[in-house]
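K.L.:
based on what follows, work out the 3D shape:
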Amino acid sequence: MVHSVAEIAAALGARFAGDGTLAVGGAAEPANAAVDQIALAMSPKFADALSDGAARVALLWPDADWQALGLEAAIFVSHGKLAMAGITELMDPGPDIAPGIHATAYIAEGAQIGADCAIGPFAVIGTGARIGTRARIDAHVTVAAGAQVGDDVLLHSGVRLCGAARLGDRVIMHPNAVIGADGFSFVTPEPSSVERVRAALGDENEGRAQKWQRVHSLGLVEIGDDVEVGANANIDRGTIRATRVGQGTKIDNMVQIGHNVSIGEDCMICSQVGLAGSARVGDRVVLAGQVGVNDNIFIGDDVVAGGASKIFTNVPAGRVILGSPATKMSSQVESYKALRRLPRLFRDVAALQKAVSKTGQSD
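P.N.:
Numbering: from 1, shown residues only. This is a model prediction of the structure:
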């Protein structure tokens, strides 16, 4: 997609200088930019690399001397990463899905397809499924019987929406995400090994026969507006009540969200996070990569959990946590510092013991 410098500046709400009619067909790092690309040099530290590329126009910091940098035009932004969000959105056409319904797609009788939809090859839309207006459904997507999809939704190739899925408007699902599979919930007639260990807090388990019986999932998965779900992520349906993801929340690749989990609005759930069943997460929570959340606990609003943290207990609103088990980040850092000092402490204690031993021998 080709845009003029003036069009890009208007889309970003930014000021430009120089030739506003220059055509831009893409974006690149300064050293790799071609003549028809805009160089992303939003900080002075990227300025020197502009001479290594061939860009005629660049995205620059507010007070940059664009002419001294040898450019024919420039767009000035104060928030570089936010500007990147805008320019990448402008230049990303998304998957190439032809308007209408592809000849190989299967639309079951009773499915409702909204106006101006694009449904790609070998997609399957089940009986009673409802697809909103302007939805784009890529190749090999399955929307099972009874599932509901809002307006302006984008389902990338290989997405699987089970019948329990309820998607709001402008939701994006990346390849092979699975929404609404049965929750991982099983029970034994007698107390299981897990229940016995939890009750006794013992370090050994007495072996007994046990057989697991499935607790079937009857609840929904309710996904709010403007949610984005990454590739190979899984969100299980609720057992009785719904599993819920609030509007504006972003979920990365390979995230597992268990049955009955409730996630608030505008959260950021990074790759390989796992939330066990019935965990509750407030609004604007950030869970960094590989964070694990125990079942049946609550994480308050605005909590930030550092990478690989393991959260076993409730977390109050606004807390910044780290570690396994997760504690306040400041406490975790102090503990780590103390741990690093242990070898020196051991050497000092050994030296003192040696000195005391010599003193005793001399007496």
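
K.L.:
only C-alpha atoms for contact and neighbour calcs from this point on.
P.N.:
Fine.

K.L.:
so what's the residue count around Asp63?
P.N.:
10 (other C-alpha atoms under 10 Å).

K.L.:
apart from its chain neighbours, what residue comes closest to it?
P.N.:
Phe76 (7.8 Å; C-alpha to C-alpha, 6 or more residues apart in numbering).

K.L.:
show me which positions of the lowest-mean-pLDDT helix or strand in the chain end up buried.
P.N.:
In the chain, the helix or strand scored least confidently by mean pLDDT, DSSP states H and E is helix 193-200, which has a mean of 83. Neighbour-count burial for helix 193-200 flags Ser193 (criterion: 16 or more other C-alpha atoms under 10 Å).

K.L.:
now do the biggest helix by length in the chain: distance to the chain's middle.
P.N.:
Of all segments of type helix in the chain, defined using DSSP state H, the longest is helix 329-362. Centre-to-centre, helix 329-362 and its host chain are 43 Å apart (C-alpha atoms, centre = their mean, to the nearest Å).

K.L.:
got it, and stretch 324-335?
P.N.:
24 Å.

K.L.:
list the contacts for the residue nearest to Asp63?
P.N.:
Phe76 is in contact with Ala14, Arg15, Phe16, Leu59, Leu60, Trp61, Pro62, Asp63, Ala64, counting by C-alpha atoms under 8 Å, 6 or more residues apart in numbering.

K.L.:
pick out whichever of those sits closest to Arg244.
P.N.:
Nearest to Arg244 among these, counting by C-alpha to C-alpha, is Ala14 at 37.3 Å.

K.L.:
from Glu72, how far off is the closest one?
P.N.:
17 Å (C-alpha to C-alpha, to the nearest Å).

K.L.:
do the same with Gly158
P.N.:
The value you get for Gly158 to Glu72, if C-alpha to C-alpha is used, is 44 Å.

K.L.:
with neighbour numbers in mind, choose between the two.
P.N.:
Gly158 (21 against 16).

K.L.:
so Ser271 lies in a helix, does it not?
P.N.:
No - the assignment for Ser271 by DSSP: H, G, I helix; E, B strand; the rest coil gives coil, which leaves it out of any helix.

K.L.:
residue contacts, it?
P.N.:
Ile251, Asp252, Asn253, Met254, Val255, Ala288, Gly289, Gln290.

K.L.:
residues making contact with the least confident helix or strand of the chain?
P.N.:
Residues contacting helix 193-200 (C-alpha under 8 Å, 6+ apart): Asp203, Glu204, Asn205, Glu206, Gly207, Arg208.

K.L.:
I appreciate the help and will end here.
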